[in-house]
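Trainee: attaching a predicted model along with its sequence, questions to come.
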Amino acid sequence: MTLFLTALFAGLAVGSVYGLIALSYTVVFNSTAIFNVAQGDLMMAGVLVSYFCLDRWHLPQIVTLLVIVGVVVSLSLIEERVAVRPFVARPVVGLGWFIATLAFSLIIETVASIIYGQNPVVPIPGALGNGTVTVAGVHVATKFILAFVVMIVILVALEVFYKRSWLGTAMRGVAEDREVAALRGIDALRISRLAFIIAGLVTALAAFVVAPIVSADVTVGLTYGLKGFIALAAGGFGSLRGCVIGGLLLGVAEQMFDLYVSSNYEILAGLILVLIVLAVRPSGLFGTRAVRQV
Amino acid sequence: MNDMAVRLGLRDGGRTWLRWAIPVVLIIVLYIVPQLGGDGSFRLGEYEEILSFLVIAVALNIAMGYGGQYILGITAVFAVGAYGAILAAKYHPHGIGLVAMCIIGGVVGAVGGLIIGLPALRVGGFYLALVSLFAALAIPTVAQQWGLVGADTGIPLYAVAGFAPQIGGEELYIIVVSLVLLATLFSWALVHSRVGHRFVALHTSPQLATSIGIRAYRTQLLAILIASIMAGIAGGIYVYTQQFFAPGSSSVQFAILLLAGMTIGGMGTITGPLIGSIIILGINQFFTSFQQYNGIVFGVLLLGFAVFLPNGLMARLDVLSERLGIRPRAPSLTSGPSHGTAPVTAPAAAVTSANGAPAATAATVTAGKPGATLPAWPPVVGADSSDPLVVENAKRSFGGVTAVDNVSLTLVRGQIHGLIGSNGSGKTTLLNLISRFYTLDEGQIAVGSNRLDNQPAHAVARSGIARTFQSPKLMLRETALENVIPAVELRVRCTGPESILRLPRGVRVNRQARDEALEILEALGLHHVLLQQAAALPHGTRRMVELARAIALRPSFVLLDEPAAGLSPVELDLVTEVCQNLARSGVGVLLIEHNVPMVLSIADTVTCLHQGRILFQGTPAEMRADTTVASVFLGIDEPLEASS
Amino acid sequence: MSTGDPLLAVSDLHAGYGSLQAVDGISFQVHEAETVALIGRNGAGKTTSLLAIAGLRYGRFPGSVKLAGTEMSRASSREIVDAGLAHVPEGHRIFASLNVEENLRLGAYTRRRQGRKAVATSMERVYNLFPILRTYASRNAGFLSGGEQQMVAIGQALMAEPKVLMLDEPTSGLAPIVIRTIYEAVAQLREQGLAILIVEQSVPRALANSNRCYVMERGRIVISGDSPALAQDEHVFAIVRGTEEVPSPARTA
């Protein structure tokens, strides 16, 4: 039982990171109908910054967080300008935007590996320290709890933003009907830029909480990106809560697969999960919006 | 008309030697490369590696460039096929040669491709791209851990006792180049066969494809299957030439490189992906000193092309040759709507063709004398019955709005039934219900005992019900002729392989389909635009081509959605003539139109819809005499307070 | 009535999409407290004209559009809204997944800095104009009937407190009762001083509810004049029905 609970909490923690990535995807997608393939690599960049700040330069956690946010949001804005805006303006045909964002992720990855070089993987201290708490008789690392809490907070914040604020409502409007939004004076291009800023923020936070948990290297950007997509597909496109549920589901599924099947083939858990969900419920568990078809 | 040109399926523009020159030169270069290099067999191995990747590029081009299926992770299929082949060779080193490896690779690859593709197909769009990418990530990761396939180190076939490849050195190289050539020829043959036509139609627009009876799901699956088999075969070739396979032989990065090659070379052409892949893979292979920075170079290249040159180098070549006066202008794929639809808010304007026709290819429709030259088009599909198409109490709502409310009408063969009504009255919804693009909430639609409303849309088309669209949906990159041929191919049948491999029946049927399409286009006075790309045609001509396509189905019923919108008076006359000719030939015509005088002049029966309900149904004479229609629809004598 | 400087003055407007030159040099004015109708057959270029004026540009743009004297032909759609022009496109398009109140609120997006009170006041005015919307305030707009959605669309445009309101076929496909409600609202707005331009499919309806009228055919204005006078003119009906060819040059009744 202890093993099961330990795996469960670990799964919830990692799943929270997947959920955060999925949330970032959704924020961008809801405003631009574009799926940002580079989102995972943006997170990886943030993780890298985290290493440098905490391990190399020994900066305080708060400063680290700010630096991460700065870097990731900047990269997001660059990406929006370079790889996304040309496609948002046109009527969408084909998968040009997919290729463009994929190309951007390749660039980030290469730059990151040049910067990081051959350095060995190093554990990062968690923001709340490396201690544990006891939950249901099991030791749970505080960094796990932080990841989960951050995700919940972001989810709530996004829901409030979309429902209550001018910008959030405007973003929902633009997602529905760009032309009518334009006729009401809502600048769609500005909205898509904002979406990238928000997504960058969420991704930066994901990087901050994941760095202590999974001390991985620069090649995992695409892996996290794809897993975030699986979380999205399982949870359902267009639904914020779906992102969270999908992410947690994936995280837990992976840990359970580790525990009961084999830890070597953990990656299959994701593939099996997405194939099953797509076969049974193509729109995902909470799916609402139609995916922009090719 | 240059008969030879038509027969070879060439495009307009006179000298097309350039289009053939490039691939021929390319093939020759590939054959003589070893002579140029003068290196030993080590280099040959590297070339062979690239060549096997080229086969994957060809496969991906078929599925993605033509079929629109973004199976980006096709490298996973390649890996699976390769592992299958190498495992077979490991345990039976004496019996397995190149051919066996290719076969095993192909089969295993097919299975792998289906496993990945089937679920993602249900959702469509970029799901397939991402799921297959995930597979491309997962396969090597799993292989790294799996002892059976040699884990991280892979399987070195050269170390297996008893494995002695029969072919080697330059002989092997020549064979491999020939295999690439074969794959390319196959893809060319496929693209210009009935199967390829279905791919392109589907890629252009699932609605277009459905309206000419193409089964979308099956076609998508076929595209993925063919690509998977070829990728698996590529795995076999790789294993035979390299005698080695490890997880590192196929990675996500590799998938991205392949995609880069396709994008740069230009998808949707035969040679584009080859050139692009050779460039990219070549750079990757031979500039290892800067390997670290490769990602940046490729990333920037890929990004640049995706944004500025989405159709790749081949499109640039088109532009260049156009400037040199060799070829006509070709449209770019991603710079505009892919199937001729204007953005939702811009209506079809009634423009005189003098204003509207693009300068380079002004094509005026030369209509024959009214009634004199149109051939008869008696129904072929669905001709076994003489029953009318009956709509009974059709009802359909969207959200809270009832778009069609208890509408009944009968479409009699050999008669024209006009359907009029103001915007939003439900006319197009009704047409969509009949053609099964929408589902009925209540009621039923049938031809005799054959119920239509519970069949899929493509089946309805296949039973002899053709339709056009409010905004003409054409395959823009194809010629007018190539747009009509797939419709003929629906009823002039042969099997896929017969058509692809140009077996006797296939050749005969291909030619028959082409000839019939030709006839119809010429009857509609579209002689001048036969070999012009649809994108270059003005709006009115596009409508006529779509009309030709509907006729080409030789249907029993034709549903026309505002065929006259945006036509010049001359074209309008022709459309009127065509409708009457269809009716004379025994086809039942449903004519939705805003042009009330036109409808009243040719219709046998008229139904007037208002807010989804029937306001009036009867003969034109009766309608002219009826005051309800006049008052509500035409708006005369309406009891509204004047507000000036 | 038609006195003073026009609030909307369009001169030699051209617009098109791709190879379609849909609007071929039209000129007209709309004054304060005046309703002007724009009629013509389908495809005559009416919708494209309005979209071009509203800043959703189509093709090249020689010609001038002046709002209260200020040249706006190169302005963005947002600047045009700020300058006081609101356009309601055809098809009762609203934000389906937002509720009625959110839809209306978004109409005031450009005025969001003016504070909650200002926005609330505008919303009250819209509810007074279309009382039925008050009862639907928190219902998703996608679930309303076509007529109710049209009211939301018009209300949304009004939330920007425009001086000029353009309506593209506001009553097409709607029940007579709803048509009456909408035109009554239009009359009220005119009395409040708005300059209103309506594209209308039904000729009698257009003429009965406007002060002046322009007839478009193939991208040009071919007839213009006071509505009561045009209501007696058979040519107008014939042109819109398509049974008569365009007389040239353009006639003014």
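Mentor: Happy to help now that I have it. Residues are numbered from 1 along each chain as shown, chains lettered A, B, ... in the order given.
Trainee: so where's the stretch 151-294 of chain A shaky on pLDDT?
Mentor: For the stretch 151-294 of chain A, the stretches with pLDDT under 70 are A:215-216, A:288-294.
Trainee: where exactly do the helices run in it?
Mentor: A:166-176, A:178-183, A:188-210, A:221-235, A:240-260, A:266-280 (DSSP state H, counting those that start in this stretch).
Trainee: the fifth one to helix A:266-280, inter-axis angle?
Mentor: Calculated by axes from the mean of the first three to the mean of the last three CA atoms, to 10 degrees, helix A:240-260 forms an angle of 130 degrees with helix A:266-280.
Trainee: hey, which of the helices of the stretch 151-294 of chain A is tucked in deepest?
Mentor: Highest mean neighbour count of the helices of the stretch 151-294 of chain A: helix A:221-235, a mean of 28 (counted as mean count of other CB atoms under 10 Å in any protein chain shown). The way it works is simple: take the backbone N, C-alpha and C, and place the C-beta from them, glycine included.
Trainee: that one vs chain B: in contact?
Mentor: Yes: Helix A:221-235 lies within reach of chain B by CB under 8 Å from any CB of the partner chain, at A:222-223, A:226, A:229-230, A:233.
Trainee: any idea which of those residues is the one closest to residue A:161?
Mentor: For the residues of helix A:221-235 next to chain B, the minimum distance to residue A:161 (CB to CB) is 22.9 Å, reached by residue A:229.
Trainee: how close does that closest one get to residue B:197?
Mentor: Distance, residue A:229 to residue B:197, using CB to CB, to the nearest Å: 33 Å.
Trainee: same thing with residue B:243?
Mentor: Here the criterion is CB to CB. By it, residue B:243 lies 41 Å from residue B:197.
Trainee: more crowded one of those two?
Mentor: When residue B:243 and residue B:197 are compared for neighbours, residue B:197 comes out ahead with 27 against 18, by other CB atoms under 10 Å in any protein chain shown.
Trainee: near chain C, which residues of chain A?
Mentor: So chain A meets chain C at A:166, A:169-170, A:172-173, A:176-177, A:179-187 (CB under 8 Å from any CB).
Trainee: can I see the domain layout of chain B?
Mentor: B:14-321, B:389-634 (automatic domain parsing).
Trainee: need these in CSV (columns: mean pLDDT and distance to chain A).
Mentor: Conversion of the domains of chain B to CSV gives the following (pLDDT from 0 to 100; distance: least, CB to the nearest CB, whole Å):
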stretch, mean pLDDT, distance to chain A
domain B:14-321, 86, 3
domain B:389-634, 89, 10
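Trainee: could you export the ones you listed as JSON lines, including distance to residue C:137?
Mentor: Formatted as JSON lines, these follow (distance: least, CB to CB, whole Å):
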{"stretch": "domain B:14-321", "distance to residue C:137": "36"}
{"stretch": "domain B:389-634", "distance to residue C:137": "16"}
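Trainee: chain A contacts on chain C?
Mentor: C:54-56, C:76-78, C:81-82, C:86-89, C:93-98, C:102, C:105-107, C:109-110, C:112, C:153, C:156-157, C:160.
Trainee: okay, now the residue of the stretch 1-150 of chain A found nearest chain B: neighbour count?
Mentor: Across the stretch 1-150 of chain A, the shortest distance to chain B (CB to the nearest CB) belongs to residue A:110, at 2.8 Å. Counted with other CB under 10 Å, residues neighbouring residue A:110 total 21.
Trainee: residue contacts, it?
Mentor: Residue A:110 sits next to B:292-296, B:299 when contact means CB atoms under 8 Å, 6 or more residues apart in numbering or on different chains.
Trainee: which ones among these lie within helices?
Mentor: B:292-296, B:299 (DSSP state H).
Trainee: now do stretch B:81-99: everything it contacts.
Mentor: With CB under 8 Å, 6+ apart as the contact definition, stretch B:81-99 has outside contacts at B:100-102, B:104-109, B:112, B:143, B:148-149, B:155, B:157, B:160-167, B:175, B:231-240, B:244-245, B:249-250.
Trainee: just those residues: which are in strands?
Mentor: Among these, the residues falling in strands (DSSP state E) are B:155, B:244-245.
Trainee: and the gap between the residue nearest to residue B:241 when sequence neighbours are not counted and residue B:240?
Mentor: Distances taken as CB to CB, 6 or more residues apart in numbering or on different chains place residue B:48 nearest to residue B:241, at 3.9 Å, with adjacent residues excluded. Residue B:48 sits 9 Å away from residue B:240, going by CB to CB.
Trainee: hey, which helix or strand in chain C has the poorest pLDDT?
Mentor: Every helix and strand of chain C was ranked by mean pLDDT, DSSP states H and E. The lowest is strand C:251-252, at a mean of 38.
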